[in-house]
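Q: This is a predicted model, with the sequence first.
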Amino acid sequence: MVIKPNFGKWLAVDTLDSLNKYILITMEEPWKIIENRITNKPTYLEFNYDMSLDSLEKFYNSFEPFITDDYAIVGMGGGTACDSAKFLAWKFKEEFNFNLELYLMPSIISVDAFLCSAIAVRIDNKVKYIGESNPKDIIIDFDLIREAPEFLNRAGVSDTISITSALGDWLIAKDEIDEKFDQSVFNRAKSIANNLVDSRNEIRDVTEKGIQALVDGFYKEVLLCEGWGNARPEEGSEHFLAYCLESITHDHYIHGNLIGMNILISLYLQEEYAQFSSDDIMQFLDDIKLNFTPKHQGISYTHLKSALAQVKNYVVDENLLYSLYNLPTLIMDNEKIQDIIKFVKTF
Ligand SMILES: [Zn+2]
């Protein structure tokens with residue numbers, strides 16, 4: 001179950017200094033910032049960038065002989081550092097029934113990994129979720145986060161603002177395949193998105209209030225989805241088009257920027273099902289200076305066209321949640337694709 005994070009100035013430093021023995025799993029950038037500020041150095045310091053299950057198992061094995069049940073595990077960094085720490089704590093619980101205290105300290109608010117209980121690993125190069133983590137504390141250190149590039153922190157908005165297009169997909173699924181629906185969950189999701197939209201200036205400037213709004217949005221969204229049982233209120237066609245494009249190009253994009261572009265395409269295609277206007281959301285993404293145009297992301301129109309041509313088959317092949325791309329009335333012929341590209345060129 002997701003826990004409420006704690007906020008503070010240099011709170012990561014204070015927390016690390018208060019620990020006994022600890023393993024710190026981090027990345028070079030946050031470590032450089034924190035290293036000289038802490039007096040209580042980690043017993044073990046590790047950098048892990050490989051999230052494949054095989055490599056994580058090896059990572060665990062390298063600690064297994066040394067660790068006793070009085071260690072704490074700290075993940076400080078982006079999604080990779082946090083998920084590596086979650087994996088290690090989970091594995092020690094599985095193998096030795098150790099309840100090692102787990103601390104998660106995002107150094108950047110670009111993905112919600114620091115809040116999700118599920119542990120994301122890669123198996124055969126696909127993201128799979130294994131095990132559950134129970135962090136003792138989630139630390140949001142304003143000063144540490146503000147050291148990260150602003151454009152990356154702002155990109156964190158997309159995984160909650162994706163609610164704006166996910167809700168239209170949910171209504172489509174409700175009408176077309178009679179999918180389970182709950183009006184109060186739907187309304188709560190909508191208010192999370194509206195709160196973010198209202199905090200646009202703070203998010204743009206990545207102020208303490210802006211960081212708080214981003215984390216708050218993540219927290220409420222994760223809480224909502226965990227309660228509901230899946231990501232339906234937050235994830236839909238905007239993510240599916242992203243996965244489809246990535247499967248074609250094998251390129252690595254900044255998740256938030258790509259989702260930003262796809263939200264607009266989804267809202268455009270959802271027509272009367274759209275719960276937010278594409279103009280309003282485009283204005284919001286513009287206001288917070290998100291780099292969501294294809295040009296800014298190095299996405300060619302040729303690749304975007306291929307993704308659009310293939311996405312209807314892709315969602316069926318991958319057995320993804322029912323969304324606008326399953327609609328029989330949506331015909332992705334040349335004319336339709338040209339029409340979408342024309343819309344994208346207005347960004
Ligand atoms: Zn996402």
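A: On my side now, so go ahead.

Q: quick one: low-confidence parts of this protein?
A: Applying pLDDT under 70 to the chain flags no residue at all.

Q: care to break it down by domain?
A: Domains of the chain are assigned by automatic domain parsing as 6-146, 151-344.

Q: which SSE is residue 269 in?
A: Here residue 269, judged by DSSP states H and E, is contained in helix 255-270.

Q: Same question for residue 185.
A: Assigned by DSSP H and E, residue 185 belongs to helix 183-198.

Q: ok, back up a step: can you lay out the domains of the chain as CSV showing mean neighbour count?
A: C-beta: built from backbone N, CA, C; applies to glycine. Putting the domains of the chain into CSV (neighbours: other C-beta atoms under 10 Å) gives the following:
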stretch, mean neighbour count
domain 6-146, 18
domain 151-344, 19
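
Q: can you pull the contacts of the nearest residue to residue 39 once chain neighbours are set aside?
A: Spatial nearest neighbour of residue 39, excluding adjacent residues (C-beta to C-beta, 6 or more residues apart in numbering): residue 17 at 5.7 Å. By C-beta atoms under 8 Å, 6 or more residues apart in numbering, the contact set of residue 17 is 38, 39, 40.

Q: Let's verify residue 120: helix, strand, or coil?
A: Under DSSP: H, G, I helix; E, B strand; the rest coil, residue 120 falls in the strand class.

Q: same question, residue 227
A: Here residue 227 is helix, with the state taken from three-state DSSP.

Q: quick one on the thing from earlier: packing partners for the helix holding residue 185?
A: Applying 3 or more C-beta pairs under 8 Å, 6 or more residues apart in numbering; DSSP states H and E, one finds that helix 183-198 contacts helix 158-161, helix 163-177, helix 208-228.

Q: how does it look with 6 Å?
A: Judged by 3 or more C-beta pairs under 6 Å, 6 or more residues apart in numbering; DSSP states H and E, the packing partners of helix 183-198 are helix 163-177, helix 208-228.

Q: For residue 49, find the nearest of these.
A: Nearest of those to residue 49, taken as C-beta to C-beta: helix 208-228 at 22.7 Å.

Q: what angle separates that closest one from helix 163-177?
A: Per axes from the mean of the first three to the mean of the last three C-alpha atoms, to 10 degrees, the angle that helix 208-228 makes with helix 163-177 is 20 degrees.

Q: And for helix 208-228, what's in contact with it?
A: With contacts defined as C-beta atoms under 6 Å, 6 or more residues apart in numbering, helix 208-228 is touched by 2, 5, 109, 112, 115-116, 140, 142, 145, 156, 160, 185, 188, 192, 196, 199, 202-203, 231, 233-234.

Q: I'd like the contacts of residue 17 as JSON lines, with secondary structure and distance to residue 269 appended.
A: As requested, these are arranged in JSON lines below (DSSP: H, G, I helix; E, B strand; the rest coil; distance: C-beta to C-beta, whole Å):
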{"residue": "38", "secondary structure": "coil", "distance to residue 269": "50"}
{"residue": "39", "secondary structure": "coil", "distance to residue 269": "55"}
{"residue": "40", "secondary structure": "coil", "distance to residue 269": "53"}
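
Q: I'd like to know which of the residues you listed is nearest to residue 168.
A: Residue 168 lies nearest to residue 38 out of the contacts of residue 17, by C-beta to C-beta, at 46.6 Å.

Q: how much space between the closest residue to the closest one other than its chain neighbours and residue 5?
A: Leaving aside its chain neighbours, residue 38 sits nearest to residue 16 (4.9 Å; criterion: C-beta to C-beta, 6+ apart). Going from residue 16 to residue 5 by C-beta to C-beta, to the nearest Å gives 16 Å.

Q: what do you get for residue 14?
A: From residue 14 to residue 5 the distance is 15 Å (C-beta to C-beta).

Q: quick one on the thing from earlier: which of the contacts of residue 17 sits closest to residue 79?
A: residue 38 (22.7 Å).
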